[in-house]
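1. Predicted structure and sequence below. I'll ask about it afterward.
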Amino acid sequence: MEAIPIRNPFPGAVSLLIASTSSTQSEARRLAARLPGGSPFPPGSVVAAEEQSAGRGRFPERKWVSESGKNLLCTVFLDPSAASLPGLPIRIGSALCAAADLYAKGLSGLSAPRSCLKWPNDLMIGDRKAAGILCEAGSSGVFAGVGLNCNQVSFPSDLELGATSLARELGREVSRWALLELFLAELAAALGDENWRRSAEGRLWKRGETATFFPGRESSDQRSGRGALQGKLVGIDGEGSLLFRKKGAIVTRAYPAGELRAGH
């Protein structure tokens with residue numbers, strides 16, 4: 001384990017790199033409990049890995065596949081109070097989008113492709129996924145896991161059509177640590193941003209367009225077995241829930257969980 005030479009805006013926080021781990025989420029939980037030698041792991045601290053053997057997504061059956069040393073695989077540890085912030089996963093996703101865009105603009109200027117936030121936790125470039133976020137709360141705090149495709153340019157056949165990376169989009173290799181530094185700065189700002197909802201809606205993938213939505217188990221639509229909903233993605237509410245209006249409906253409903261897909 002070694003220190004990553006970046007600026008971390010969180011007071012007292014550390015930024016660490018490990019060669020290999022099962023997942024940075026598990027590693028961050030261990031470090032939050034106690035670093036070797038009794039050193040603290042303050043809020044805002046981050047642990048990154050060159051490779052992970054059991055990276056996972058929001059759903060148990062989904063794995064995060066990444067080439068060793070190519071991408072940004074990390075978990076940021078946040079204070080327990082962050083769990084009470086409205087729309088926390090949305091704030092984290094918006095911060096990652098902002099960081100990616102700042103970096104891309106620095107390389108390619110106005111020609112850089114703009115990233116979008118696919119509710120609730122994916123970074124999209126066009127209709128391809130470039131990053132995913134896994135936000136989990138524990139007794140010691142909140143663990144925000146990030147997998148951002150940086151320099152990987154080829155993907156397994158089942159992911160090839162739906163995945164991309166910053167290097168693929170920009171046509172050049174990118175710096176993972178410069179992106180991490182930008183992300184931490186944007187995240188620190190987003191946690192205290194009273195206008196987070198406006199910022200997030202400005203980046204919301206497919207906002208105002210026709211989409212397909214699969215409500216989560218928390219939704220009455222899911223419990224009643226209605227399955228996929230067709231309609232328009234309106235925005236997000238003050239708690240971070242998706243605002244979606246079913247085709248033919250007058251009322252827009254808020255959904256706290258589910259999965260969004262483009263088109264019909």
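-> Received, thanks. Numbering: from 1, shown residues only.
2. Strands of the protein, start to end?
-> 2-3, 15-21, 46-52, 72-78, 115-118, 122-125, 128-137, 142-148, 210-215, 229-236, 242-246, 253-255, 258-262 (DSSP state E).
3. then the helix ranked longest in the chain to CSV, C-alphas only?
-> Taking DSSP state H as the criterion, the chain has its longest helix at helix 88-108. Only the C-alpha atoms of helix 88-108 are listed here, as CSV (Å, rounded to 0.1, in the frame of the first residue of the first chain):
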residue,chain,number,x,y,z
LEU,A,88,-26.3,11.5,-1.9
PRO,A,89,-25.7,9.0,-4.8
ILE,A,90,-26.9,11.7,-7.2
ARG,A,91,-24.5,14.2,-5.8
ILE,A,92,-21.6,11.7,-6.1
GLY,A,93,-22.5,10.9,-9.7
SER,A,94,-22.8,14.6,-10.6
ALA,A,95,-19.3,15.2,-9.1
LEU,A,96,-17.8,12.4,-11.1
CYS,A,97,-19.4,13.7,-14.3
ALA,A,98,-18.1,17.2,-13.6
ALA,A,99,-14.6,15.9,-13.0
ALA,A,100,-14.6,13.9,-16.2
ASP,A,101,-15.9,16.9,-18.2
LEU,A,102,-13.3,19.2,-16.7
TYR,A,103,-10.5,16.8,-17.5
ALA,A,104,-11.8,16.2,-21.0
LYS,A,105,-12.2,19.9,-21.7
GLY,A,106,-8.6,20.5,-20.6
LEU,A,107,-7.4,18.0,-23.2
SER,A,108,-9.8,18.7,-26.1
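4. next one: it to chain centre, how far?
-> Offset of helix 88-108 from its chain centre (C-alpha atoms, centre = their mean, to the nearest Å): 10 Å.
5. now for the strands of the chain, which one comes closest to Pro89?
-> Proximity to Pro89 (C-beta to C-beta) singles out strand 128-137 among those, at 4.5 Å. In short, each C-beta sits where N, CA and C put it, glycine included.
6. Run through who's touching that closest one.
-> For strand 128-137, the external contacting residues (C-beta atoms under 8 Å, 6 or more residues apart in numbering) are 25, 56-58, 64, 80, 83, 88-89, 92-93, 96, 100, 115, 118, 121-124, 142-149, 162-166, 169.
7. Could you list the single helix or strand in the chain with the lowest mean pLDDT?
-> helix 220-223 (a mean of 44; mean pLDDT, DSSP states H and E).
8. can you map out the helices along the stretch 151-264 of the chain?
-> Secondary structure of the stretch 151-264 of the chain (DSSP state H, counting those that start in this stretch): helices located at 166-170, 176-191, 196-203, 220-223.
9. who wins for proximity to Ile4 among those helices?
-> helix 176-191 (5.8 Å).
10. Show me the shaky parts of the stretch 151-264 of the chain.
-> 217-226, 263-264 (pLDDT under 70).
11. Mind doing that once more with 50?
-> Applying pLDDT under 50 to the stretch 151-264 of the chain flags residues 219-225.
12. Then the stretch 1-150 of the chain?
-> Those would be 59-61, if you go by pLDDT under 50 across the stretch 1-150 of the chain.
13. Show me the one of the helices of the stretch 151-264 of the chain that comes nearest Ala3.
-> Nearest of the helices of the stretch 151-264 of the chain (C-beta to C-beta): helix 176-191, 11.1 Å.
14. contacting residues around the closest one?
-> Residues contacting helix 176-191 (C-beta under 8 Å, 6+ apart): 4-10, 15, 44, 46, 48, 71-72, 74, 76, 78, 82, 85, 91-92, 94-96, 98-100, 102-103, 144, 146, 148, 150-151, 166, 196, 199.
15. Which other helices and strands does the longest helix of the chain contact?
-> Helix 88-108 sits against strand 115-118, strand 122-125, strand 128-137, strand 142-148, helix 166-170, helix 176-191, helix 196-203, with contacts defined as 3 or more C-beta pairs under 8 Å, 6 or more residues apart in numbering; DSSP states H and E.
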